[in-house]
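> Provided below are the primary sequence and the corresponding predicted coordinates.
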Amino acid sequence: MSSKKEIEQNANLDAFQLAISRLKHRQEKIWLGGGKKKIEKLHKQGKMTARERIEALLDPDTPFFEFGTFAGYEMYKEYGGCPAGGVVTGIGYVSGRQCVIVANDTTVKAGAWFPITGKKNLRAQEIAMENRLPIIYLVDSAGVFLPMQDEIFPDKEHFGRIFRNNARMSSMGIPQIAAVMGSCVAGGAYLPIMSDEALIVEGSGSIFLAGPYLVRAAIGEVVDKEELGGATTTSEISGITDYKCKDDAECLHTIRELMSHLAKAEETGFDRIEAQAPKRSEEELLKLFPIERNKPFDIRPVLEAIVDAPGLTEYKKEYGKTIVCAYARINGWSVGIVANNRMVVRNKKGEMQFGGVIYSDSADKAARFIMVCNQKRIPLVFFHDVTGFMVGSRSEHGGIIKDGAKMVNAVANSTVPKFSIISGSSYGAGNYAMCGKAYDPRLILAWPTAKIAVMGGQQAAKVLMQIQVKSMKARGKEPDEKEQQELYNRISQRYEEQTSPYYAASRLWVDEIIDPRNTRQILSLGIEAANHAPVKRFNVGVLQT
């Protein structure tokens, strides 16, 4: 007969497997882009899809981490949607070099740029700049999606920032290679020409500031696409492209050849030894992380399924117990881990502390550990499962704001690479202290169990309901108990939808939703990328002791 513990663990496993299955089903649908018919049409034109191009470009049997898969998920419904934001981005290996790849998906509105497309491209460039990785653009786009031009064109983080980043990366010595494999029009034409080298595919590739229709409307000249900016024109007359290729396959082969001639990448020197398999299995990870989010549990066994054996070397183990700070290795890489602990514990005074909450002692411990890791140049990995900082008169009198500010300050001023895994809740200021998106993690990833919001769903729904009830009463309407419950249910449902990891990923608040069993591999790939960029001296700023 199974014990209560075994029953709970099997329930966790079943729930996780269902969530992962749902994740994969949604990914597979997104990978179809604009749909099978548009893919077939592309193939008839002799062109590959964006993901087929990437697959042909990558080194065989090497990992590729696609980020931003859920960008635009369930957004822009009035325009038929925008799967993956109409562009595929990721980190992979080309001719032995780790690099960022950006490929327009022409099956999605002819590769047109929606607002989320611009945001996703900027994130890809940010990752390349932060980690000093070469970046490859596979261009095939109709340009800005005109019905939404006011949300993509004029602002600081809009379309024009792409070209500003081209120039910045050039000055930083980050190699940029662009292949014009389809349309490349208007302002978008600057991207390949501001890259170090540009390729173009005969027959399908074209590049110009204004297409034939606009030229005719503007100046009355009648000219076709090929004469205006086709492969022959750009490679033999204007000279704006450097390599003319007969088809997609030759173009991708040429990029591989160009990448093979790059100088060897410099390394920062993060410590790495031979990797050891984790102490616990992937299946144990899914069993040990409770699907019931209010259930207390110890995060250490979960971490032992991700880090190398023998496991964790804890910092201040008996102090600030609602946060675990520990040294460990992930696929051989030395890391410092800061993880919220859901266990209900007692502090040194014998006072009860509830898991998932950051108390003064745990904030102080985490801040000091972050400083030590910066001193030692050890990358930091944050595992979020936090409901926020402790509230109430005792905490306020004890200086929780000061201690919380100390932790936030340490995270903000940290100069070693930071990585965030949102495994459970990530609420309020706890999100900031645990290196949320605003604090520049090199990668921020979510498990299917993640929740991101200013506070928990039940608390938020109650607050919002009270506000609406008060407003109704002010207008002379007294809602009865049934109306109040219906109002609460409506608010709660809407709020829960907004805390979903899919809602966050669609807006790029997280880079990707991942199968928890892939956490170790992706973190290792991210640390390898970070090892290409220098680390500045850590300055503690106004941190108080």
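Good, I have the coordinates. Note that the coordinates shown come from a computational prediction; the quantities given were computed from them, not determined experimentally. Residues are numbered from 1 along each chain as shown.

> C-alpha only now, for contacts and for neighbours.
Noted.

> just the strands in the stretch 151-300 of the chain please.
176-185, 197-201, 206-208, 243-245 (DSSP state E, counting those that start in this stretch).

> closest one to A309 among these?
strand 176-185 (38.9 Å; CA to CA).

> Point out where the protein drops to low pLDDT.
Counting by pLDDT under 70, the chain has low-confidence residues at 1, 397, 456-464, 540-545.

> picking that back up, export the strands of the stretch 151-300 of the chain as JSON lines, with columns for distance to K295.
As requested, these are exported to JSON lines (distance: least, CA to CA, whole Å):
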{"stretch": "strand 176-185", "distance to K295": "48"}
{"stretch": "strand 197-201", "distance to K295": "55"}
{"stretch": "strand 206-208", "distance to K295": "57"}
{"stretch": "strand 243-245", "distance to K295": "59"}
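
> Contact partners for the closest residue to M455 other than its chain neighbours?
Distance criterion CA to CA, 6 or more residues apart in numbering; nearest residue to M455, sequence neighbours excluded, is Y427 at 5.0 Å. Contacts for Y427 (CA atoms under 8 Å, 6 or more residues apart in numbering) come out as 386-388, 451-456.

> if I look at Y427, how far off is M434?
10 Å (CA to CA, to the nearest Å).

> which other helices and strands contact the top helix by length along the chain?
Counting residues, the longest helix found in the chain (DSSP state H) is helix 4-31. Applying 3 or more CA pairs under 8 Å, 6 or more residues apart in numbering; DSSP states H and E, we find helix 4-31 packed against helix 282-288.

> Kindly recompute the last result at 10 Å.
helix 282-288, strand 512-513 (3 or more CA pairs under 10 Å, 6 or more residues apart in numbering; DSSP states H and E).

> Direction included, what does the shortest one pair against?
Meaning strand 512-513. strand 443-446 (parallel) (DSSP bridges).

> which residues touch the strand it pairs with?
67, 127, 381-384, 417-424, 435-437, 452, 501-502, 504-505, 508-516, 519, 522-523, 526-527 (CA atoms under 10 Å, 6 or more residues apart in numbering).

> Can you flag which of the residues you listed belong to helices?
127, 501-502, 504-505, 519, 522-523, 526-527.

> hang on, M455 packs against T387?
Yes. Shown here, M455 and T387 form a contact pair, counting by CA atoms under 10 Å, at 7.1 Å.

> more crowded one of those two?
Set M455 next to T387 and count neighbours by other CA atoms under 10 Å: T387 wins out with 26 against 19.

> was I right about S183 contacting G111?
Yes. Contact between S183 and G111 holds when scored by CA under 10 Å: they sit 8.7 Å apart.

> Quick check on those two: which one has the bigger neighbour count.
G111 (28 against 25).

> tell me the contacts of the more buried one?
With CA under 10 Å, 6+ apart, G111 has these contacts: 34, 50, 82, 85-87, 103-105, 117, 139-145, 182-184.

> Need the buried ones from the residues you listed selected in ChimeraX.
Filtering the contacts of G111 down to the buried ones (16 or more other CA atoms under 10 Å) takes a single ChimeraX command:
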select :34,50,82,85,86,87,103,104,105,117,139,140,141,142,143,144,145,182,183,184
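
> ok, back up a step: hey, what's in contact with both of Y427 and M434?
384-386, 388.

> Can you add distance to P63 and give these back as JSON lines?
Listed next are the shared contacts of Y427 and M434 as JSON lines, based on distance: CA to CA, whole Å:
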{"residue": "H384", "distance to P63": "25"}
{"residue": "D385", "distance to P63": "28"}
{"residue": "V386", "distance to P63": "31"}
{"residue": "G388", "distance to P63": "36"}
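
> want to throw these into TSV with neighbour count?
TSV is the format used below for the shared contacts of Y427 and M434 (neighbours: other CA atoms under 10 Å):
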residue	neighbour count
H384	29
D385	30
V386	30
G388	24
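
> Closest one of those residues to S260?
Using CA to CA, these come closest to S260 at H384, 39.2 Å.

> and which of the contacts of Y427 is nearest K5?
V386 (23.9 Å).

> Excluding residues flanking it in the chain, which one is nearest that closest one?
G356 (4.5 Å).

> For the one you found, list the residues it contacts.
294, 296-297, 322-323, 339-344, 384-390, 424-427, 430.

> Distance from the helix or strand where N121 lies to the middle of the chain?
Using DSSP states H and E, N121 sits within helix 115-131. From the chain centre to the centre of helix 115-131 is a distance of 10 Å (CA atoms, centre = their mean, to the nearest Å).

> So which elements touch that helix?
By 3+ CA pairs under 10 Å, 6+ apart, helix 115-131 packs against strand 65-67, strand 87-94, strand 97-104, strand 135-141, helix 160-172, helix 519-530.

> buried stuff in stretch 216-231?
For stretch 216-231, the neighbour count (16+ other CA under 10 Å) marks 225-226, 228-231 as buried.

> isn't R346 right next to Y359, touching?
No. The criterion here is CA under 10 Å, and R346 misses it with Y359 at 11.6 Å.

> okay, and the common contacts of these two?
320-322, 353.

> right, and out of the residues you listed, which lies closest to V215?
For the shared contacts of R346 and Y359, the nearest to V215 is T322 (65.0 Å; CA to CA).

> you'd agree that closest one is up against D361?
Yes. Using CA under 10 Å, T322 makes contact with D361 at a distance of 8.9 Å.

> of those two, who's got more company?
T322 (28 against 19).

> Now do the contacts for the more buried one.
Applying CA under 10 Å, 6+ apart, the residues near T322 are 298-299, 339-347, 353-359, 361-363, 386.

> helix, strand or coil for K349?
coil (DSSP: H, G, I helix; E, B strand; the rest coil).

> I'd like the helices and strands packed on helix 4-31 written out as CSV, with mean neighbour count added.
Putting the helices and strands packed on helix 4-31 into CSV (neighbours: other CA under 10 Å) gives the following:
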stretch, mean neighbour count
helix 282-288, 20
strand 512-513, 25
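
> Next, count neighbours for R394.
By other CA under 10 Å, neighbour count at R394 equals 10.

> gap between the residue lying farthest from the centre of the chain and T232?
What lies farthest from the middle of the chain is G476; by CA atoms, centre = their mean that is 47.4 Å. Distance of G476 to T232, computed by CA to CA: 75 Å.

> Which two of the ones in helices among the contacts of strand 443-446 have the greatest separation?
Between any two of those (CA to CA), the greatest distance is 25.0 Å, for Y502 and I527.

> Is the residue nearest to F369 when sequence neighbours are not counted part of a helix or strand, or is it coil?
Once flanking residues are discounted, F369 sits nearest to C325: 6.9 Å by CA to CA, 6+ apart. With three-state DSSP as the basis, C325 sits in strand.
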